[in-house]
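Structure for this input, please:
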Amino acid sequence: MSDVISLSAARKSLAPKMRVGLLRLSDGAPAIAAHEFGFFADEGVDVELVVEPSWANIADKLAYGFLDAAVIVPPLAFAVHLGLRGAAQPLLIPYTLSAGGNAVTLNRSLAQETWDLANNKALSVAGALASILRARPTTLGIVHSYSTHNLLLRYWLATAGIEAGRDVKLAVVPPARAVEALTSGQIAGFCAGAPWGEVARRAGVGATIASSSDIWRNAPEKALAVRARWVDERPEVLQAAIRALLRAAKFCDGPENAEYTAALLSRRKYVDVDSHAILADLPGGATSEKGCVFYRGAATFPWRSQGLWFLNQMRRWDLIDATLDLHALTERVYRPDIYRAALASEGESAPITDWRTEGAHADTWTVEGYPSPLAMRPDTFCDGVIFDPHDVSPPSKMVASALHKN
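Numbers count the residues shown, from 1 in each chain. This next block holds a predicted model:
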């Protein structure tokens, strides 16, 4: 059964209660903080957070109107929008909640076997794991077929010539069940969001061999997806909710607030694991360079180029119709105009462009914004590929395995 957490607005709400779904994951922190600290209430938004056990539950409840919005992986938002797993429900993404935080975790013996064959470079680790996967049948867990985890794992394995589904079996396991599945031997490893890789490490059953930032530095992770009809009826409420989330993102991104944020998330009604396991992947934690980012580097901006990258990878792995107009679909779902409108009265800078070249920045850089430029974080891919959103061709399922060097 879902855990439901309610908060009465401190002042008169702008509209009826906004039901927002999320899973037991660390990158839900901005939504939880905005709720618990009264930031939603300050903006006149009455929010009910609904903690679900799986992405399938989130998708179904969005599709049939039981949720108004969700903290979601963008590929799943596209799937719900297109009706790829049930009833179609038009969705909008006006806000990104986090970057980074995912990890590829293997059982300890497989992890050690991989490390024995590799150096500490992502391509070398992929190549080492590939040699093992070719030698024996292996099952790895992913949290959903339409997930960032599936796409990033496939991308990484493909750099070493491994095609998921052909050379390694992928099984869907809800993130909160991943450690249990690893312990029982149902899977040999998994790709899931924080804190579950760290939970596996602390339990002595797993070790992380790669993070999502090893595959795509500062890769976008969770987004706020909202039913389009709901937005049409109350656009001012969505803008108010975005302002509350941004305020919470600033708090959660502060290393000085990490212990408090971890303690908040560790509550039984939220992530329900030891706060120290959560702390590791928060800004200021032990793995913070590859963990969750909530605000820095315009992490909250819904870049259309990132949405297009996800769609292009979905096309690569036959998860969507190859004839779809991906640019048009991205523009329908990703709505940076709503983000800018929400921030217009706050003096908060936002990028003035919706698209950027992904993978071209090995160091910090600056993007033009209004009212002022924004400092950005590196965004390179492990294989050095640059993704130009204005020159997109369908990628082949395999890339040159010569990229891999031990």
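
any idea which residue sits dead centre in this protein?
When CA atoms, centre = their mean is applied to the chain, the residue found nearest the centroid is residue 221 (1.9 Å).

In this model residue 101 seems to touch that one, though I could be wrong.
Yes: the criterion here is CB atoms under 8 Å, and residue 221 meets it with residue 101 at 5.6 Å. Placement of C-beta: from N, CA and C, glycine included.

returning to that earlier point: how close does the residue nearest to the centre of the chain get to residue 89?
Distance from residue 221 to residue 89, counting by CB to CB, to the nearest Å: 22 Å.

All the helices of the stretch 51-200 of the chain, residue numbers only.
Along the stretch 51-200 of the chain, counting by DSSP state H, counting those that start in this stretch, helices occupy 55-63, 74-82, 108-116, 122-135, 148-158, 178-184, 196-202.

Indicate which one of the ones you listed is closest to residue 307.
Closest approach to residue 307 among the helices of the stretch 51-200 of the chain (CB to CB): helix 74-82, 6.0 Å.

Give the burial count for the closest residue to the residue nearest to the centre of the chain other than its chain neighbours, as a bare number.
In space, and not counting its chain neighbours, residue 221 is closest to residue 98: 4.6 Å by CB to CB, 6 or more residues apart in numbering. Residue 98 has 30 neighbours, counted by other CB atoms under 10 Å.

Is residue 191 bridged to anything, and to what?
Judged by DSSP bridges, the bridge partners of residue 191 are residue 104, residue 142.

doesn't residue 152 make contact with it?
Yes: counting by CB under 8 Å, residue 191 touches residue 152, with 7.0 Å between them.

ok, now how distant is residue 145 from residue 174?
The gap separating residue 145 from residue 174 is 13 Å, by CB to CB.

And residue 210, by the same measure?
Taken as CB to CB, the span from residue 210 to residue 174 is 21 Å.

With residue 101 instead?
16 Å.

Where in the protein is the helix or strand with the lowest mean pLDDT?
Sorting the helices and strands of the chain by mean pLDDT, DSSP states H and E puts strand 3-6 at the bottom, at a mean of 43.

How about residues contacting whichever helix or strand comes after it?
Using DSSP states H and E, the helix or strand that follows strand 3-6 in sequence is strand 18-22. Here strand 18-22 makes contact (CB atoms under 8 Å, 6 or more residues apart in numbering) with 28, 31-32, 45-52, 57-58, 61-62, 66-72, 237, 241.

swap the cut-off to 7 Å and go again
Residues outside strand 18-22 that contact it (CB atoms under 7 Å, 6 or more residues apart in numbering): 28, 31, 45-52, 58, 61, 67-71, 237, 241.

Which of the residues you listed are buried, as a PyMOL select command?
Buried subset of the contacts of strand 18-22, written as a PyMOL selection, criterion 16 or more other CB atoms under 10 Å:
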select buried, resi 28+31+45+46+47+48+49+50+51+52+58+61+67+68+69+70+71+237+241
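
Quick check: strands, which of the contacts of strand 18-22 are part of them?
Among the contacts of strand 18-22, the members falling in strands (DSSP state E) are 47, 48, 49, 50, 51, 69, 70, 71.

Overlap of the contact sets of residue 221 and residue 101?
27, 193.

Pull the contacting residues for residue 336.
Residue 336 makes contacts with 301, 302, 304, 354, as judged by CB under 7 Å, 6+ apart.

what's the distance between it and residue 92?
Taken as CB to CB, the span from residue 336 to residue 92 is 11 Å.

what touches both of the two?
If you check residue 336 and residue 92 against CB under 7 Å, 6+ apart, no residue is contacted by both.

who's more crowded, residue 191 and residue 152?
Shown here are residue 191 and residue 152; by other CB under 10 Å, residue 191 has more neighbours (31 against 27).

Quick one: residues contacting that one.
Taking CB under 7 Å, 6+ apart as the criterion, residue 191 is in contact with 102, 104, 142, 149, 152, 153.

Could you find the closest non-adjacent residue to the first one?
Setting aside the residues directly before and after it, residue 102 is nearest to residue 212 in space (CB to CB, 6+ apart), at 3.6 Å.
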